[in-house]
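In: Show me how the following folds:
(2 chains)
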There are 2 protein chains.
Amino acid sequence: MNNLLLASTSTLFGSPYLSYLIPELRLFFRGVNRITFIPYARPGGCTENEYTQKVRHTFGLIDIEVIGLDEVQDPIAVLKESKGIFTGGGNTFLLVQRLYELDLIDPLNFVLDQGIPYLGTSAGSNICGWGMHTTNDMPIVHPPSLRTLGRVPFNLNVHYIEPEKNSTHMGETRETRIREFQEQQNVPVVGLPEGTWLRVLNSEITVKGAHPAVVFPPYESRYDLNTEEKLILHKAP
Amino acid sequence: MNNLLLASTSTLFGSPYLSYLIPELRLFFRGVNRITFIPYARPGGCTENEYTQKVRHTFGLIDIEVIGLDEVQDPIAVLKESKGIFTGGGNTFLLVQRLYELDLIDPLNFVLDQGIPYLGTSAGSNICGWGMHTTNDMPIVHPPSLRTLGRVPFNLNVHYIEPEKNSTHMGETRETRIREFQEQQNVPVVGLPEGTWLRVLNSEITVKGAHPAVVFPPYESRYDLNTEEKLILHKAP
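Out: Model prediction:
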């Protein structure tokens, strides 16, 4: 089973943390009064505890209690008993390194297999892909593997953005980088612009939010998927 | 010894490959009529052979012969006998993976210790740093280590760019990403905007080119270094 909400970003420009998603989260976590928070991506180098406090404040607004994995003795046991999970954004390398270090990959998949609701933003969405190979983050640490949870049969590129028109910058575009990855692996990639998310219910994947998702099948032309359209992949990797 | 020219980019917008550096390269490679080219970064997913042909064409214009490491039976032997080396840009993960796979890290350091001229552009510059942790590239492959040649006691961020004024994009800025790295490692980072390069002669490091380099010492304020200014690091990592 799969019951995921995978968002490009936690925060839209000029808005408070998660505020654009709050109406959706009320529905998504309906009946859940406590979630487990995975704080390992540590955006901006904040501590895990600082991150948990921030998330606790926001979920307090919709009467959901937050337990940070930084606050517990036995993260595996807590994960396995979770009724809802949220993994926040930050640095994907740091997040994945910590998940491997604490042996949390299998327990996470175990609990997600039960169909409990999982919210990811940014790095927290990346880890639901086949691998983290299309993150935008810098490799500030060296995880033992780039393979991740594999809840969906593709990789994500979050904060997806087209090149600026009239830009003279010569660094590679997102599309070039994604296509370089696909020279290595026959895996589709889905670019999620800010404000867009994927709603994954078992094998049904629906685009939601402000902007179209951009699908890059290996060796085939990219195409847009508008909000409420479903993602259908011809080949599973 | 160290005799390096580490450029942010090979190509400026609207100009042919390497053309802005050609006057400098005539001086840098004076007396060298053949260089070894390291094609492993494969920009845009081109083949190593395609990359070598492109570089051969450009160096032909200044009467320098090019031997690509893709063209030889014994890359270690060819590297050790080189009178000049060029490592081109592309994907830094791919480049570093291949250097480890072919056991080229030590031979490269051996020959660079002799003071032969080494040109790097983009990924080819990154690998002269302490590590590749501040690359902008996607982790399309998983090298066994992120440590690189350590020819200079800092990391590089090539294609360095400040955030667009008035941008509403919420992806992390370069500075945020660099500071996240420095939460992990006490290593300075030097941002090189396009058109800028570092000239490294033994331990003397001079900024050259169009725009100031931006130095990020760990736990200290960033500062600019203008062209012809020298980089002096208070602490070696």
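
In: and the helix ranked longest in chain A, what does it pack onto?
Out: Using DSSP state H, we find that the single longest helix of chain A is helix A:48-60. Secondary structure elements in contact with helix A:48-60, counted by 3 or more Cβ pairs under 8 Å, 6 or more residues apart in numbering or on different chains; DSSP states H and E, are strand A:34-38, strand A:65-68. For glycine as for every other residue, the C-beta is placed from the backbone atoms N, C-alpha and C.

In: from those strands, which stretch is densest packed?
Out: Of all those, strand A:34-38 carries the top mean neighbour count, a mean of 23, counting by mean count of other Cβ atoms under 10 Å in any protein chain shown.

In: need the contact list for the residue lying closest to A:Val55 once chain neighbours are set aside.
Out: Leaving out its chain neighbours, the residue that sits closest to A:Val55 by Cβ to Cβ, 6 or more residues apart in numbering or on different chains is A:Phe37, at 5.0 Å. Contacts for A:Phe37 were tallied using Cβ atoms under 8 Å, 6 or more residues apart in numbering or on different chains; they are A:51-52, A:55-56, A:66-69, A:85-88.

In: any idea how far A:Phe37 lies from chain B?
Out: In this structure, A:Phe37 and chain B are 20 Å apart, going by Cβ to the nearest Cβ, to the nearest Å.

In: With A:Ser203 instead?
Out: 27 Å.

In: and that residue, how many residues sit next to it?
Out: Other residues lying near A:Ser203 total 12 when counted by other Cβ atoms under 10 Å in any protein chain shown.

In: residues in contact with it?
Out: A:Ser203 sits next to A:Asn2 when contact means Cβ under 8 Å, 6+ apart.

In: what's the answer for A:Val72, then?
Out: With contact set as Cβ under 8 Å, 6+ apart, A:Val72 has these partners: A:Val78.

In: again with A:Glu65
Out: With contacts defined as Cβ under 8 Å, 6+ apart, A:Glu65 is in contact with A:33-35, A:56, A:59.

In: 6 Å instead, please
Out: Neighbour list for A:Glu65: A:Arg34 [criterion: Cβ atoms under 6 Å, 6 or more residues apart in numbering or on different chains].

In: how close does it sit to A:Tyr118?
Out: Going from A:Glu65 to A:Tyr118 by Cβ to Cβ, to the nearest Å gives 17 Å.

In: and if you look at A:Gly171?
Out: Distance of A:Gly171 to A:Tyr118, given as Cβ to Cβ: 33 Å.

In: what residues does the strand or helix carrying A:Pro23 touch?
Out: Under DSSP states H and E, the secondary-structure element containing A:Pro23 is helix A:22-28. Helix A:22-28 has contacts (Cβ under 6 Å, 6+ apart) with A:5, A:62, A:117.

In: near chain B, which residues of chain A?
Out: Remark: the part of chain A in contact with chain B comprises A:9, A:11, A:13, A:44-45, A:91, A:133-134, A:138-142, A:146, A:159, A:168, A:170-171, A:176-177, A:180-181, A:183-184, A:194, using Cβ under 6 Å from any Cβ of the partner chain.

In: now those: which count as buried?
Out: Among these, those buried by neighbour count (16 or more other Cβ atoms under 10 Å in any protein chain shown) are A:9, A:11, A:45, A:91, A:133-134, A:138-142, A:146, A:159, A:170-171, A:177, A:180-181, A:183, A:194.

In: Now go through the residues you listed and say which are in helices.
Out: Secondary structure from DSSP H places A:177, A:180-181, A:183 of those in helices.

In: Of those residues, just say which sits nearest to A:Asn202.
Out: Nearest to A:Asn202 among those, counting by Cβ to Cβ, is A:Phe181 at 26.7 Å.

In: Without its sequence neighbours, what residue ends up closest to the closest one?
Out: Per Cβ to Cβ, 6+ apart, closest to A:Phe181 is B:Ile140, 4.2 Å.

In: tell me, what residue is most central in chain A?
Out: Nearest to the centroid of the C-alpha atoms of chain A, with distances taken as Cα atoms, centre = their mean, sits A:Ser125, at 0.7 Å.

In: For the particular helix or strand that has that residue in it, what is the distance to the chain centroid?
Out: Assigned by DSSP H and E, A:Ser125 belongs to helix A:123-126. Once both centres are worked out by Cα atoms, centre = their mean, to the nearest Å, helix A:123-126 turns out to sit 2 Å from its chain's centre.

In: What helices and strands are in contact with it?
Out: If you count contacts as 3 or more Cβ pairs under 6 Å, 6 or more residues apart in numbering or on different chains; DSSP states H and E, helix A:123-126 packs onto helix A:92-101, strand A:155-160.

In: and it, which residues are buried?
Out: By neighbour count on 16+ other Cβ under 10 Å, the buried set for helix A:123-126 is A:123-126.

In: How is A:Asp63 assigned, secondary-structure-wise?
Out: Remark: A:Asp63 carries the secondary structure label coil [criterion: DSSP: H, G, I helix; E, B strand; the rest coil].

In: What is the burial count for it?
Out: 9.

In: Look at it and report its pLDDT.
Out: In this model, A:Asp63 is scored at 97, pLDDT.

In: which residues touch it?
Out: With contacts defined as Cβ under 6 Å, 6+ apart, A:Asp63 is in contact with no residue.

In: List phi and psi for it.
Out: phi 60, psi 40 (degrees, to the nearest 10).

In: what is the spatially closest residue to A:Ile38 that is not a sequence neighbour paired to in the beta sheet?
Out: The spatially closest residue to A:Ile38, leaving aside those adjacent along the chain, is A:Thr87, at 4.1 Å (Cβ to Cβ, 6+ apart). Taking DSSP bridges as the rule, A:Thr87 bridges to A:Ile38, A:Gly120.

In: any idea how far A:Thr87 is from A:His211?
Out: If you measure A:Thr87 against A:His211 using Cβ to Cβ, the figure is 22 Å.

In: more crowded one of those two?
Out: When A:Thr87 is set against A:His211 and neighbours are counted by other Cβ under 10 Å, the residue ahead is A:Thr87, at 28 against 17.

In: Return the distance of that one relative to B:Arg222.
Out: The span separating A:Thr87 from B:Arg222 equals 31 Å under the rule Cβ to Cβ.

In: again, but for A:Tyr17
Out: Note on A:Tyr17: its distance to B:Arg222, by Cβ to Cβ, is 27 Å.

In: ok, now A:Gly124?
Out: Applying Cβ to Cβ, the value for A:Gly124 to B:Arg222 is 29 Å.

In: Show me the shaky parts of chain A.
Out: Along chain A, the model assigns pLDDT under 70 to residues A:234-237.

In: Touching, A:Thr135 and A:Asn126? I think so.
Out: Yes - A:Thr135 is within contact range of A:Asn126, at 5.4 Å (criterion: Cβ atoms under 6 Å).
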